[in-house]
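**Student:** here are the coordinates; sequence isn't available:
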């Protein structure tokens, strides 16, 4: 069901964007791990005690710091931008420009096209996370080897972030498949993930806004539960299910919708 020619063309078109985001994401995490100092973080925590920033610093441990910064803010918004740009370029942008009409004039089935494009987006995320996780583990071994760090928890944080991005990519890919115009694809495919991110961010900095966490799938990526060994698997399975359903829905709407040819 995957067309090798289309996949190679998609890879050539998007590899520079993927490489840029992968390198920057990995460097961001590597730097945060390398410069981490528990005593310095503890001193900063005392300075901001009683403010909204206090809740964002997390515990005075490497994984605690990463869970409240990289895995809640920096890495999340960075990856959302990548997903939005890539998902829109795979379908909606091609329909809007008219290049999809040329592709559909060939014997290639619509289902083959949409499955191939979805496969690229998923594989791009998988490889990106493998490289980022490997870079993070290597950095921990070099710069934080004396710290009491559970590598399994670090890996699970990355698995959780991947599943969150998988679900969000499903949202963006669905609207890219559903809409014929880039502006409409971005309005929903970008607007919804960004709204989810903002809801989660606001709920984490102000207890009075905790209700907003009920309106975002980002809350299903529970970093605290992962680090404390609580029951978090069902939340990750929900994220996986959301992504699978949306990718299947993308296939169905693209197969049935009218396209400007």
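**Tutor:** All right, it came through fine. These numbers were taken from a predicted model, which means no experiment stands behind them.

**Student:** any stretches of this protein with poor pLDDT?
**Tutor:** In the predicted model of the chain, residues 39-60, 260-261 satisfy pLDDT under 70.

**Student:** show me what contacts residue 151?
**Tutor:** Shown in contact with residue 151 (CB atoms under 8 Å, 6 or more residues apart in numbering): 137, 140. Glycine gets a C-beta too; all of them are placed from N, C-alpha and C.

**Student:** measure it to residue 134 for me?
**Tutor:** Distance, residue 151 to residue 134, using CB to CB, to the nearest Å: 12 Å.

**Student:** equivalent analysis for residue 175, please.
**Tutor:** Here residue 175 is placed at a distance of 32 Å from residue 134 (CB to CB).

**Student:** pull the residues that contact stretch 172-180.
**Tutor:** With CB under 8 Å, 6+ apart as the criterion, stretch 172-180 contacts 83-84, 87-88, 90-93, 95-96, 114, 117-118, 121, 184-185, 188-190, 192-193, 246-247, 249-251, 253-254, 257, 259-260.

**Student:** and stretch 196-208, by the same measure?
**Tutor:** Under CB under 8 Å, 6+ apart, the answer for stretch 196-208 is 52-53, 55-56, 68, 72-73, 76-77, 80, 168, 209-213, 215-219.

**Student:** list the buried residues in that stretch.
**Tutor:** Buried residues in stretch 196-208, counted by 16 or more other CB atoms under 10 Å: 196, 197, 199, 200, 201, 202, 203, 204.

**Student:** which strand or helix spans the residue nearest the centre of the chain?
**Tutor:** Closest residue to the average C-alpha location of the chain: residue 165 at 2.8 Å, with CA atoms, centre = their mean. Counting by DSSP states H and E, the element that carries residue 165 is helix 151-178.
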